[in-house]
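> Model the following, please.
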Amino acid sequence: MVLDDEILRQIGALSRSIHSINDIYFKPFDLQRSQFIFVTRICENPGLHLIDLTNMLKVDKATTTKAVQKLIASGFIERQRDEGDKRAWQLFPTAKAAQLYEKIIAEENRNIAICFSDFTAKERTEACRLVGKMSANILAEWKKYKNY
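Here you go, the predicted model:
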């Protein structure tokens, strides 16, 4: 049997490379093991519920729970009871997270610039469109496996 295309391996390697670089970059800021992705989403969506964060990042609940617990302990996130649903918790960034958010976005933009360094504007737009289309195509399968 032969692999039909290398694209998913290449996207995976790209993702792991960027996460590895970011893990090293953010270590002095007391972030570890890709926690920066949780910080960014909570900063961008204050009041987010744990399950929504899990779905947004396409990770399992245990991964989200562990990351959020560590981020709370490190002072990046606080949680508050949802006034509409007393069983649920909402996640909010702290001032510490808000300050770091700017550094995270700057580093993400730096990585984007490196990835697209020899692309034309048209190629960049097309690459983003095509990867977005791939993501949309696989979403139904992801939901099936996650029992939605």
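> Do a quick rundown of the helices in the protein.
Using DSSP state H, the helices found in the chain span residues 7-26, 36-44, 50-57, 61-73, 95-115, 121-145.
> Now render those as a markdown table, adding mean pLDDT, mean neighbour count and distance to R79.
For glycine as for every other residue, the C-beta is placed from the backbone atoms N, C-alpha and C. Converted to a markdown table, these look like this (pLDDT from 0 to 100; neighbours: other CB atoms under 10 Å; distance: least, CB to CB, whole Å):
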| stretch | mean pLDDT | mean neighbour count | distance to R79 |
| --- | --- | --- | --- |
| helix 7-26 | 92 | 13 | 22 |
| helix 36-44 | 96 | 21 | 10 |
| helix 50-57 | 92 | 16 | 8 |
| helix 61-73 | 94 | 16 | 7 |
| helix 95-115 | 95 | 14 | 13 |
| helix 121-145 | 92 | 11 | 26 |
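> And those: which comes nearest D85?
For D85, the closest of the helices of the chain is helix 50-57, at 11.2 Å, according to CB to CB.
> if we can go back for a sec, closest one to E83 among the helices of the chain?
It is, among the helices of the chain and with distance given as CB to CB, helix 50-57, at 16.2 Å.
> The closest one: how far from the chain's middle?
10 Å (CA atoms, centre = their mean, to the nearest Å).
> what's the answer for stretch 14-30, then?
The answer for stretch 14-30 is 12 Å, by CA atoms, centre = their mean.
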